[in-house]
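Participant: coords below, sequence missing:
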(Lines give C-alpha, C1' and ligand atoms only; values in the text may rest on other atoms or scores of the structure.)
Protein backbone atom coordinates (compact mmCIF):
# COMPACT_ATOMS: atom_id res chain seq x y z
CA UNK A 1 0.00 0.00 0.00
CA UNK A 2 1.37 3.41 -0.93
CA UNK A 3 2.23 5.88 1.81
CA UNK A 4 -0.40 8.29 0.47
CA UNK A 5 -3.11 5.58 0.79
CA UNK A 6 -2.03 4.83 4.39
CA UNK A 7 -2.27 8.54 5.26
CA UNK A 8 -5.80 8.69 3.83
CA UNK A 9 -6.86 5.67 5.90
CA UNK A 10 -5.33 7.10 9.06
CA UNK A 11 -7.11 10.44 8.56
CA UNK A 12 -10.56 8.88 8.33
CA UNK A 13 -10.34 6.69 11.44
CA UNK A 14 -13.49 7.61 13.40
CA UNK A 15 -11.90 6.92 16.78
CA UNK A 16 -8.93 9.17 16.05
CA UNK A 17 -11.22 11.90 14.73
CA UNK A 18 -13.25 11.77 17.94
CA UNK A 19 -10.14 11.78 20.13
CA UNK A 20 -8.73 14.73 18.20
CA UNK A 21 -11.99 16.57 18.82
CA UNK A 22 -12.31 16.00 22.56
CA UNK A 23 -8.69 15.73 23.63
CA UNK A 24 -8.04 19.45 24.12
CA UNK A 25 -7.56 20.57 27.71
CA UNK A 26 -10.59 22.87 27.63
CA UNK A 27 -12.80 21.29 24.98
CA UNK A 28 -14.90 19.06 27.20
CA UNK A 29 -15.24 21.74 29.88
CA UNK A 30 -16.60 24.19 27.32
CA UNK A 31 -19.00 21.63 25.85
CA UNK A 32 -20.14 20.58 29.33
CA UNK A 33 -20.75 24.21 30.30
CA UNK A 34 -22.79 24.84 27.15
CA UNK A 35 -25.00 21.83 27.92
CA UNK A 36 -26.89 24.24 30.21
CA UNK A 37 -27.86 26.39 27.21
CA UNK A 38 -26.83 29.55 25.39
CA UNK A 39 -24.17 31.70 26.99
CA UNK A 40 -22.49 34.97 26.24
CA UNK A 41 -18.72 35.03 25.96
CA UNK A 42 -18.08 36.51 29.42
CA UNK A 43 -20.54 34.11 31.06
CA UNK A 44 -18.74 31.23 29.43
CA UNK A 45 -15.35 32.61 30.44
CA UNK A 46 -16.46 32.86 34.08
CA UNK A 47 -18.00 29.39 34.02
CA UNK A 48 -14.92 27.54 32.72
CA UNK A 49 -12.58 27.75 35.69
CA UNK A 50 -8.95 28.52 34.86
CA UNK A 51 -9.30 29.34 31.16
CA UNK A 52 -7.94 32.63 29.87
CA UNK A 53 -9.57 34.82 27.24
CA UNK A 54 -7.14 33.98 24.45
CA UNK A 55 -7.48 30.23 24.97
CA UNK A 56 -11.28 30.45 25.12
CA UNK A 57 -11.37 32.34 21.82
CA UNK A 58 -9.11 29.73 20.21
CA UNK A 59 -11.16 26.79 21.51
CA UNK A 60 -14.47 28.37 20.49
CA UNK A 61 -13.19 28.94 16.95
CA UNK A 62 -12.10 25.30 16.69
CA UNK A 63 -15.41 24.01 18.05
CA UNK A 64 -17.31 26.27 15.67
CA UNK A 65 -15.23 25.05 12.72
CA UNK A 66 -16.09 21.45 13.67
CA UNK A 67 -19.77 22.41 13.97
CA UNK A 68 -19.97 21.48 17.66
CA UNK A 69 -21.03 24.97 18.70
CA UNK A 70 -22.71 27.84 16.95
CA UNK A 71 -21.93 31.52 17.36
CA UNK A 72 -24.69 34.11 17.10
CA UNK A 73 -23.63 37.76 16.93
CA UNK A 74 -26.15 40.54 17.56
CA UNK A 75 -25.82 44.11 16.29
CA UNK A 76 -26.01 45.79 19.68
CA UNK A 77 -23.78 48.30 21.43
CA UNK A 78 -21.58 46.85 22.73
CA UNK A 79 -21.75 43.83 20.41
CA UNK A 80 -23.36 40.76 21.94
CA UNK A 81 -22.28 37.25 21.02
CA UNK A 82 -23.95 34.06 22.21
CA UNK A 83 -22.62 30.54 21.96
CA UNK A 84 -24.67 27.36 22.01
CA UNK A 85 -24.29 23.72 21.12
CA UNK A 86 -25.37 22.55 17.71
CA UNK A 87 -27.36 19.33 17.34
CA UNK A 88 -24.04 17.61 16.67
CA UNK A 89 -22.64 19.06 19.89
CA UNK A 90 -25.67 17.98 21.90
CA UNK A 91 -25.02 14.40 20.81
CA UNK A 92 -21.93 14.48 23.05
CA UNK A 93 -24.09 14.61 26.21
CA UNK A 94 -24.13 10.82 26.81
CA UNK A 95 -20.35 10.77 26.38
CA UNK A 96 -19.94 13.53 28.96
CA UNK A 97 -22.30 11.81 31.39
CA UNK A 98 -20.38 8.53 31.12
CA UNK A 99 -17.04 10.27 31.65
CA UNK A 100 -18.44 12.02 34.74
CA UNK A 101 -19.85 8.75 36.12
CA UNK A 102 -16.52 7.05 35.57
CA UNK A 103 -14.63 9.94 37.19
CA UNK A 104 -16.89 9.93 40.26
CA UNK A 105 -16.33 6.21 40.75
CA UNK A 106 -12.65 5.99 39.93
CA UNK A 107 -10.80 9.19 40.73
CA UNK A 108 -9.65 9.88 44.23
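Facilitator: Thanks, I have it. All of these numbers come straight from a predicted model, not from anything done at the bench.

Participant: now the helices for the chain?
Facilitator: Counting by DSSP state H, the segments of the chain that form helices are 3-11, 14-22, 27-34, 41-47, 53-65, 87-90, 93-106.

Participant: any idea which of these is most buried?
Facilitator: Comparing those by mean neighbour count (mean count of other CB atoms under 10 Å), helix 27-34 ranks first with a mean of 20. Bear in mind the C-beta positions are built from the backbone N, C-alpha and C, glycine included.

Participant: pLDDT value on residue 15, please?
Facilitator: pLDDT, residue 15: 82.

Participant: Could you do residue 108 as well?
Facilitator: 71.

Participant: ditto for residue 24
Facilitator: So residue 24 comes in at 84 (pLDDT).

Participant: where's the spatially closest residue to it that is not a sequence neighbour relative to residue 105, distance?
Facilitator: Nearest residue to residue 24, sequence neighbours excluded (CB to CB, 6 or more residues apart in numbering): residue 59, at 6.4 Å. Look at residue 59 and residue 105: by CB to CB, to the nearest Å, they are 28 Å apart.

Participant: Same question for residue 14.
Facilitator: Distance from residue 14 to residue 105, by CB to CB: 27 Å.

Participant: Please report how far the residue nearest to residue 24 lies from residue 31.
Facilitator: Applying CB to CB to residue 59 and residue 31 gives a distance of 10 Å.

Participant: What about the closest residue to residue 21 other than its chain neighbours, how many residues nearby?
Facilitator: Leaving out its chain neighbours, the residue that sits closest to residue 21 by CB to CB, 6+ apart is residue 66, at 6.1 Å. Using other CB atoms under 10 Å, residue 66 has 15 other residues around it.
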